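> okay, sequence plus prediction incoming.
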Amino acid sequence: MIMRTLMILCFVGLTTITIHAQNLFEFGVKTGVNHAFPNSLSNGIESEDNFGWQAGAFVQFGVFDMLALATELTVDIRSFTMIQGEERLDVNTTSLNIPVLLRIGLPLKLMLELGPQYTHFLSTDNSTSTDGQGFAALGLIWKPAFGLQFDIRFLRGLTSISTPMDGDVNVNVSQFSIGYQF
């Protein structure tokens, strides 16, 4: 009788540990829209902001109950228009984004995320930069239920891109995405 009780308790304990360990690893897909806007234009140059889209996958590794590390691999299309007098220049980029984010659990199923992001350009139109761009990311995720998550993120450009109209353009991006965790 004691042996049977110990075996049941061990089974329940191992099952609980396994279920908890599965919550520490998450992966899924996401898609959404972005809004790119330059913030460091030369005198006499103005800009019009445009919307683009993004899609990709994410992985999250739990460190503690309220702390996790996450990374993503997303492809996104961003665009904005630069204006100097009568001249207009549409800048379009298609890029591969790789953020490394620290996620901190908050009440109400929210998570604060912050960290760096590297953006590698796959193609550019009216941008002569091919090296990529670095960003500082700050965002908020809400995970209501059923594997859904809603993410809003602000990316502050740390490095600039070059265009024919302005040789040193720093671009910020705001993003909204919907994801599904498997």
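Arrived safely, thanks for sending. Quantities reported herein were computed from a predicted structural model and do not represent experimental measurements.
> off-centre distance for stretch 127-141?
Computed by CA atoms, centre = their mean, to the nearest Å, the chain-centroid distance of stretch 127-141 equals 10 Å.
> revised request: answer the last question for stretch 63-76.
Computed by CA atoms, centre = their mean, the chain-centroid distance of stretch 63-76 equals 9 Å.
> got the buried residues for it?
Ala68, Ala70, Glu72, Thr74, Asp76 (16 or more other CB atoms under 10 Å). C-betas here are computed from N, CA, C, even on glycine.
> now the third one: closest residue in space, sequence neighbours ignored.
Yep, that's Glu72 we're talking about. Phe58 (4.4 Å; CB to CB, 6 or more residues apart in numbering).
> so that neighbour: helix, strand or coil?
Under the three-state scheme (DSSP: H, G, I helix; E, B strand; the rest coil), Phe58 adopts strand.
> got the contact list for it?
By CB atoms under 8 Å, 6 or more residues apart in numbering, the contact set of Phe58 is Glu26, Phe27, Gly28, Val29, Lys30, Ala70, Thr71, Glu72, Leu73, Gly179.
> so of the residues you listed, which ones are in strands?
Judged by DSSP state E, strands contain the following of the contacts of Phe58: Glu26, Phe27, Gly28, Val29, Lys30, Ala70, Thr71, Glu72, Leu73, Gly179.
> in this structure, which helix or strand is least confident?
Across the helices and strands of the chain, mean pLDDT, DSSP states H and E gives its lowest value to helix 2-23, namely a mean of 49.
> which residues are in contact with the residue nearest the centre of the chain?
Centroid-nearest residue in the chain: Pro99, 6.0 Å away (criterion: CA atoms, centre = their mean). Applying CB under 8 Å, 6+ apart to Pro99 gives the contacts Ala70, Thr71, Glu72, Gly115, Pro116, Gln117, Tyr118, Phe135, Ala137.
> strands along this structure, start to end?
25-38, 46-64, 67-84, 87-106, 110-125, 133-142, 148-157, 171-181.
> what's the end-to-end length of stretch 162-170?
Terminal residues of stretch 162-170 lie 9 Å apart, using CA to CA, to the nearest Å.
> what separates that stretch from the chain centre, distance-wise?
The chain centroid and the centroid of stretch 162-170 are separated by 24 Å under CA atoms, centre = their mean.
> what mean pLDDT would you report for that stretch?
The average of the pLDDT scores along stretch 162-170 is 80.
> residues of it that come out buried?
For stretch 162-170, a neighbour-count test (16+ other CB under 10 Å) marks Thr163, Met165, Asp166, Val169, Asn170 as buried.
> and of the residues you listed, the nearest to Lys109?
The nearest member of the buried residues of stretch 162-170 to Lys109, counting by CB to CB, is Asn170 at 34.0 Å.
> identify the bridge partners of the residue nearest to the centre of the chain.
In this entry, Pro99 is beta-bridged to Gln117, by DSSP bridges.
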